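Student: Generate a structure from the sequence data that follows.
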Amino acid sequence: MEEDQLFERLQTALQENELGDELIQEITRCAKIFKNSNRFRIFWLLLSQGSHNVSKITDHLGVPQPLTSHELGLLRTSGLISSHEDATYRSKKNYDVSNGTELFAALLSLLCTFADYKK
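Tutor: Numbers count the residues shown, from 1 in each chain. Predicted coordinates for the structure are as follows:
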C-alpha cells in the first residue's frame, strides 16, 4: 500500500474513531519498541535524515557507542530498521528505516499533523 493511501486510511480511521485490527497491532508493536526514548530518537533520526552509521548516530544522540549498538540491534530485530555495508568502509554498517514501516511513518506523520492542528 502506498504511503499516501496509508495516510488517508489513518486520517479517516482517526476521524471516525475506528482503527482496524491491522492498525492497532502495528501501533501496539511500535509502542512497545519505543518505550525506550533512545530507540525512538534513533528511529526518528533515520526516518528524518536517512542512512547513518553507528558513529554518526552515537554523536547525534550523545550516548555511549555500546548503548547505541544495543538499541540498533533491537530496532533491527523488530524489523523497523535495516542495515547494510557502507560503500566506502566495508567494516562499517549503515542503518536505514525499513521498507515495512510505512504504516508507522504515516501514523507518526498524522499524529504530528493533528498535534499542530490542536495547538
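
Student: Which elements pack onto whichever strand or helix holds Leu75?
Tutor: Leu75 belongs to helix 65-78 when assigned by DSSP states H and E. Helix 65-78 is packed against helix 21-33, helix 37-49, helix 54-61, strand 81-85, strand 93-97, with contacts defined by 3 or more C-beta pairs under 8 Å, 6 or more residues apart in numbering; DSSP states H and E. C-beta: built from backbone N, CA, C; applies to glycine.

Student: Double-check Lys92 against Ser51; I have them as touching.
Tutor: No. Look at Lys92 against Ser51 with C-beta atoms under 8 Å: they stay out of range, at 11.2 Å.

Student: could you give the angle of the helix holding Leu75 to strand 93-97?
Tutor: Our comparison of helix 65-78 with strand 93-97, counting by axes from the mean of the first three to the mean of the last three C-alpha atoms, to 10 degrees, yields an angle of 50 degrees.

Student: just to revisit the earlier point, among Lys92 and Ser51, which residue is more densely surrounded?
Tutor: It is Ser51, of Lys92 and Ser51, that has more neighbours when counted by other C-beta atoms under 10 Å, with 16 against 13.

Student: Go ahead and confirm the more buried one touches Asn94.
Tutor: Yes. Under the criterion of C-beta under 8 Å, Ser51 makes contact with Asn94 at 4.5 Å.

Student: Can you tell me which of the helices and strands packed on helix 65-78 is nearest to Cys112?
Tutor: Cys112 sits nearest to helix 37-49 of all these, at 10.6 Å, using C-beta to C-beta.
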